[in-house]
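Trainee: Make a model of this:
(one chain, ligands or ions: 2)
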Amino acid sequence: MTRPIQTVALVGNPNSGKSALFNALTGARQKIANYPGVTVERKSGRMLLPDGEPVELIDLPGSYSLDPSSPDEEVTRAVITGQQDGQRQPDALILVLDANNLEQHLVFAQEIIALGMPVVVALNMVDLAKRDGLVLDPGALGNALGVPVVETVAVRRRGLSELGDVLGQAADRQNTAPIISDNLDMSERRISARAMARAAILSETRQRRLHRGLDSVLLNPWAGPVILLGLLFVMFQAVFAWATPFADALDGAVVALSGWVTATFPENLLRDAVTEGLLAGVGSVVVFLPQIVILFLFILLMEASGYMARAAFLMDRMMAFVGLSGRSFIPLLSSFACAIPGIMATRSISDPKDRLTTILIAPLMTCSARLPVYAVIIAAFIPARTVGGGIGLQGLVLFALYLAGIIGAMLVALVLRRSVAKGGASGFIMELPRYQWPRLGDILLGLWQRAWIFLRRAGTIIFSVTVVLWLLLSFPQAGPGEDQVDVSIAGRIASGLAVVVEPIGFNRDMALALIPAMAAREVAVSSLATTYAVASDDEDETAEALGDRLARDWTLPMALSFLAWFVFAPQCLSTIAVARRETNGWKWPAFMLAYLFALAYLAAGATYWIAVSAGL
Ligand SMILES: Nc1nc2c(ncn2[C@@H]2O[C@H](COP(=O)(O)OP(=O)(O)OP(=O)(O)O)[C@@H](O)[C@H]2O)c(=O)[nH]1
Ligand SMILES: [Mg+2]
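Mentor: Ligands and ions are numbered 1, 2, ... in the order given. Below is the predicted model of the structure:
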């Protein structure tokens, strides 16, 4: 017994063109846009079959599977299975597939066809496929799926009458069993989707093949993460290997300038302010410009080429493991430049607990302001030699420091998601952008912007904090036989603080660097440089490069402990202020400060004592 078709629903992955087809078939004006998730509720309209019979057509939100992970997917499932209150189950389905993403869309398609309802496939966007040199065989696809396949171009109203024809005949197939089995699991469906897509694709251009091949390697669950890790590894090697000649040259220039100022101008307070505050202090930070530029060169290249979105895709699983969604990836990634834009970017996370967790761990991502601190200590204490066949030891240590921050963040997230921000992971699927060659102009512009941000910070906040510190270090002036730093205001404050940080291996000079570093991370470097310049007895020592001075005065365990501190210690005050604004109160920023200080203290202490007992 066949009954006439009265209700038909449009189903398919997001962004496949369902609403565009709905509009074309019914004359409605549903919103369509080129991103997934435009339609979020059921909409119905009237269309006419070729024999003049009217049917009700339902436009549904896009879905990736019948196992819904969001409220809009829930709607789709309820309508298709006839569980929606007061609504009939549709008699037939129009399954809309994007011809350009066949393999991806065939996964959900199999689930729909296996339901056993009459299905007609609209192979949509064939215009774009043709433009990109993709030749498809709708007949082969129809055979593989066991349902009729019609090529359509929804936005040009092409293929609509053929679609109407096969829909009119769909009633005859109401009782035929589907040829697709309904007891496949997700990965089995993926495998057969790939086989079906291969069989339906007659030819494609070299470029499309190349891009697909790239994805199958870069997104491979085993090879993908290894390649990502390798890429990051190369990046940190380059930060040292490529930057060293430039950094040395800048360093030499600052030392020469300082020598010239000392030789040219009479000894007075202003000259000291210039040599000890401006040149030794701010200069010690500016020399890290090459490192910053190289770091961002890599980041910009990964973003522009389309790789960064794939990295997010790879990270999704790891994020899910600690109870975060892949949506946190972009905010966390932005935090590598600076936690402030990172915390602001969490606004795109809908789940409040998810968002809170992301805000709380954002400061553990190594912001670019910490790079000068890491770099100065590494350059002074880690020999510039290679280990294990050509791997630069300095780059390796830098890589480890970044990794320590990431692992720390994941562990903290794991704890938070089980305690104060309880909740489960939510699903995340994102459309991957196409690969492309980065444009040189864009990259240069991006580098210039990052360099300018860095230099502006050096000229404003780092400069002012260093000058204030220099004043506090220079007054009151020491009498004969007294040490200038000992008698200075800053020195006295630092001596008080040193009692607290002595157990983790810090000396007074290191303690002194911690307070101004709360204004901006880089100030840790400039304040050390200024402290040593003020403390030095003669002019040669004032102009001495900071690294040489550190290597002379600190032990290796002290240096490692200092590094560990900066991996975990709370970031600058502006970060705390932004966290307050975004969480509407002091409660969470206070929590953030407390847990980060505790973590930093423990990590630095553990590092120090392990290093000491290992005899380093
Ligand atoms: N070139 C071309 N573009 C199309 C075609 N069909 C749809 N589009 C475009 O594809 C985009 C997505 O179309 P929608 O109709 O919003 O897709 P949807 O399946 O309803 O998406 P969701 O509501 O998010 O599930 C829009 O920008 C359309 O203009 C087509 O056949 N050819
Ligand atoms: Mg839609």
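
Trainee: Just give me the residue right at the centre of this protein.
Mentor: Leu333 (2.8 Å; C-alpha atoms, centre = their mean).

Trainee: Report the contact partners of that one.
Mentor: Counting by C-beta atoms under 8 Å, 6 or more residues apart in numbering, Leu333 touches 308, 312, 342, 365. The C-beta positions use only the backbone N, C-alpha and C, and glycine is treated the same way.

Trainee: Let me know the average pLDDT across the helix or strand hosting it.
Mentor: Assigned by DSSP states H and E, Leu333 falls within helix 329-334. Mean pLDDT, helix 329-334: 82.

Trainee: Distance from the chain centre to it, please.
Mentor: Remark: helix 329-334 is offset 3 Å from the chain centroid, using C-alpha atoms, centre = their mean, to the nearest Å.

Trainee: go on, stretch 592-603?
Mentor: 24 Å.

Trainee: With just CA atoms, put that stretch into PDB.
Mentor: The C-alpha coordinates for stretch 592-603 follow below in PDB (Å, rounded to 0.1, in the frame of the first residue of the first chain):
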ATOM      1  CA  MET A 592      43.400  33.100  39.600                       C
ATOM      2  CA  LEU A 593      46.100  35.100  41.400                       C
ATOM      3  CA  ALA A 594      46.100  32.700  44.400                       C
ATOM      4  CA  TYR A 595      46.400  29.500  42.400                       C
ATOM      5  CA  LEU A 596      49.000  30.900  40.000                       C
ATOM      6  CA  PHE A 597      51.200  32.200  42.800                       C
ATOM      7  CA  ALA A 598      50.900  28.800  44.600                       C
ATOM      8  CA  LEU A 599      51.700  26.900  41.500                       C
ATOM      9  CA  ALA A 600      54.700  29.200  40.700                       C
ATOM     10  CA  TYR A 601      56.100  28.900  44.200                       C
ATOM     11  CA  LEU A 602      55.800  25.100  44.200                       C
ATOM     12  CA  ALA A 603      57.200  24.700  40.700                       C
END
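
Trainee: And what about the residue in the chain positioned nearest to ligand 1, helix, strand or coil?
Mentor: The minimum distance from the chain to ligand 1, using C-beta to the nearest ligand atom, falls at Gly62 (2.5 Å). Under DSSP: H, G, I helix; E, B strand; the rest coil, Gly62 falls in the coil class.

Trainee: Can you classify the nearest residue to it once chain neighbours are set aside as helix, strand or coil?
Mentor: The shortest distance from Gly62 to any non-neighbouring residue, by C-beta to C-beta, 6 or more residues apart in numbering, is to Pro14 (2.9 Å). Following three-state DSSP, the label given to Pro14 is coil.

Trainee: Read off the pLDDT value for Pro14.
Mentor: pLDDT, Pro14: 85.

Trainee: Pull up the gap between it and Leu593, please.
Mentor: 41 Å (C-beta to C-beta, to the nearest Å).

Trainee: now swap in Ile94 and tell me
Mentor: 56 Å.

Trainee: out of those two, which sits in the busier spot?
Mentor: Counted by other C-beta atoms under 10 Å, Ile94 and Leu593 do not tie: Ile94 has more neighbours, with 27 against 19.

Trainee: Determine the number of other residues adjacent to the residue in the stretch 201-350 of the chain positioned nearest to ligand 2.
Mentor: Residue nearest to ligand 2 within the stretch 201-350 of the chain (C-beta to the ion): Ser350, separated by 19.3 Å. Around Ser350 there are 11 other residues, counting by other C-beta under 10 Å.

Trainee: got a list of what it touches?
Mentor: So Ser350 contacts Arg327 (C-beta under 8 Å, 6+ apart).

Trainee: Stretch 45-65 and ligand 2 in contact?
Mentor: No - shown here: stretch 45-65 not in contact with ligand 2 (C-beta under 5 Å from the ion), separated by at least 6.2 Å.

Trainee: Show the end-to-end separation of that stretch, please.
Mentor: The straight-line separation of the ends of stretch 45-65 (C-alpha to C-alpha, to the nearest Å) is 24 Å.

Trainee: mind giving me the domain split of this protein?
Mentor: 7-204, 223-421+442-614 (the TED database).

Trainee: Could you dump these into CSV with distance to Gln436 added?
Mentor: Shown next, in CSV, are the domains of the chain (distance: least, C-beta to C-beta, whole Å):
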stretch, distance to Gln436
domain 7-204, 13
domain 223-421+442-614, 6
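
Trainee: The closest residue to Phe246 other than its chain neighbours: what's it in contact with?
Mentor: Once flanking residues are discounted, Phe246 sits nearest to Pro290: 3.8 Å by C-beta to C-beta, 6+ apart. With contact taken as C-beta under 8 Å, 6+ apart, Pro290 is in contact with 242-243, 246-247, 250.

Trainee: what do you get for Phe233?
Mentor: 395, 399 are the contacts of Phe233 under C-beta under 8 Å, 6+ apart.

Trainee: Then Pro90?
Mentor: Residues in contact with Pro90 (C-beta under 8 Å, 6+ apart) are 7-9, 58, 79-80, 82, 117.

Trainee: all helices of the stretch 201-350 of the chain, in order?
Mentor: 206-218, 223-241, 243-264, 269-272, 283-286, 289-305, 307-321, 329-334, 339-345 (DSSP state H, counting those that start in this stretch).

Trainee: could you dump the fifth one to PDB, C-alpha only?
Mentor: Listed next in PDB are the C-alpha coordinates belonging to helix 283-286 (Å, rounded to 0.1, in the frame of the first residue of the first chain):
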ATOM      1  CA  GLY A 283      67.900  48.200  26.000                       C
ATOM      2  CA  SER A 284      68.100  44.700  27.600                       C
ATOM      3  CA  VAL A 285      64.500  44.100  26.500                       C
ATOM      4  CA  VAL A 286      64.700  45.600  23.100                       C
END
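
Trainee: average pLDDT for that helix?
Mentor: pLDDT averaged over helix 283-286 gives 82.

Trainee: Please apply the same query to the first one.
Mentor: Average pLDDT, helix 206-218: 84.

Trainee: orientation of it relative to helix 223-241 in degrees?
Mentor: Helix 206-218 runs at 90 degrees relative to helix 223-241, counting by axes from the mean of the first three to the mean of the last three C-alpha atoms, to 10 degrees.

Trainee: Tell me the buried residues in helix 206-218?
Mentor: If you call a residue buried by 16 or more other C-beta atoms under 10 Å, then helix 206-218 has these buried ones: 208, 211, 215, 218.

Trainee: for the last one, same thing?
Mentor: Neighbour counts over helix 339-345 (16+ other C-beta under 10 Å) mark 339-340, 342-345 as buried.

Trainee: Same question for the second one.
Mentor: Judged by neighbour count (16+ other C-beta under 10 Å), helix 223-241 contains these buried residues: 224, 227-228, 232, 235-241.

Trainee: So Trp565, which state does it fall into?
Mentor: Under three-state DSSP, Trp565 comes out as helix.

Trainee: For His105, see how far away it is.
Mentor: Taking C-beta to C-beta, one finds Trp565 at 51 Å from His105.

Trainee: Need the nearest residue in space to Leu97, chain neighbours excluded.
Mentor: Nearest one to Leu97, counting by C-beta to C-beta, 6+ apart, is His105 at 4.5 Å.

Trainee: Gly12 is in contact with Leu97, isn't it?
Mentor: Yes - if you go by C-beta atoms under 8 Å, Gly12 and Leu97 touch, sitting 6.3 Å apart.

Trainee: Overlap in contacts, these two.
Mentor: Common neighbours of Gly12 and Leu97, using C-beta under 8 Å, 6+ apart, are 105, 109.

Trainee: circling back: look at the residue nearest to Phe246 and report its pLDDT.
Mentor: pLDDT, Pro290: 88.
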